[in-house]
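# Next input, structure requested:
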Amino acid sequence: MTTRRIVEALETLAPLALQEDYDNAGLQVGLPDSEVTGVLLCLDITEEVVEEAVRKGCNLVVSHHPLIFRPLKRVTDATYQQRCVMQAVRNGVALYSAHTNLDNAEDGVNYRIASLIGLHGIEWLEEKPVTAGRSCGSGVVGDLPEPEPAAAFLARLKEVFGIECLMHTDPAGKLVRRVALCGGAGSFLMDAARAKGADCFVTGEISYHHFFDADGLLLVAMGHYQSERFTVDLLRDFLASRFPGLRLEKTEIDTNPIHYS
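Alright, predicted model coming up:
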């Protein structure tokens, strides 16, 4: 089993053509024709994650967030990105990322979040032109089976996504039935959520001033890491269905750089 075969499979789920123009998804480090001994799946690539891959005998790391997002002008020990590249090359570990192409793909990140929340009738929040023969878009919107008191909905989000605390607008007296969402930094979709008749918009990050613009919409910020943490399960489920004999490991490292006190 080569890196190339695994990459080709991943790009049937999330073609690179679906990524945003600012993004840098794809194979970032490594040789396509190397034989894969195991795959480590993670949200973020850090030095600890590369060490974990080596320790577990995995020579391919598949992440959601790209390690190399902006071009590297040098590879020294000056930044964690550079150190990760050196560490990966030294140990023969390939690094691959499926980022906004997986966000924008049908059955991708946002579909997984919607499924965990229990939404039905899922459609794109902001549909994009068909690309690579695929329907694609930013964010999704759908309906809960029954209206749910806002406070109960918020409590369920915390339980399902393992969240210590949420940031949100006042839930008093609100019912939630139609939910719009976008994993990660999705506040640019607030107007689209309102236009789609959403009662609630759930995302990873919302700036302070956006909360003033809610205008009756229940806004919920789960945290960037928390909103996308189940992307690892999405990648595992997909690769397991394509390659039943492939050894897949989920990272045991919490890579969230934000701590709560």
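# Hmm, P171 is touching L218, no?
Yes. If you go by Cβ atoms under 8 Å, P171 and L218 touch, sitting 6.1 Å apart. All C-beta spots, glycine's among them, are computed from the backbone N, C-alpha and C.
# Go through stretch 232-244 and flag the buried ones.
By 16 or more other Cβ atoms under 10 Å, the buried positions in stretch 232-244 come out as V232, L234, L235, R236, F238, L239, F243.
# ok, those vs D254, which is closest?
V232 (11.5 Å; Cβ to Cβ).
# doesn't C42 make contact with the closest one?
Yes. If you go by Cβ under 8 Å, V232 and C42 touch, sitting 6.4 Å apart.
# Identify the contacts common to the two.
In terms of Cβ atoms under 8 Å, 6 or more residues apart in numbering, V232 and C42 are both contacted by the residues H64, K250, T251.
# What's the local residue count around the last one?
Right, the one you point to is T251. 22 (other Cβ atoms under 10 Å).
# Does the residue lying closest to it once chain neighbours are set aside have any beta-bridge partners, and if so which?
Nearest non-adjacent residue to T251, counting by Cβ to Cβ, 6 or more residues apart in numbering: C42, 4.1 Å away. Note on C42: beta-bridge partners by DSSP bridges are S63.
# roughly how far apart are C42 and L60?
11 Å (Cβ to Cβ, to the nearest Å).
# Then A9?
Distance from A9 to L60, by Cβ to Cβ: 12 Å.
# Just want to know which of those two has more residues nearby.
L60 (26 against 15).
# Would you confirm that that one contacts V36?
Yes. L60 is in contact with V36 according to Cβ under 8 Å; the separation is 5.0 Å.
# Identify the contacts common to those two.
T3, I6, A94.
# Format those as CSV; extra columns: distance to L166, pLDDT and neighbour count.
Shown next, in CSV, are these (distance: Cβ to Cβ, whole Å; pLDDT from 0 to 100; neighbours: other Cβ atoms under 10 Å):
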residue, distance to L166, pLDDT, neighbour count
T3, 39, 98, 20
I6, 36, 98, 22
A94, 37, 98, 24
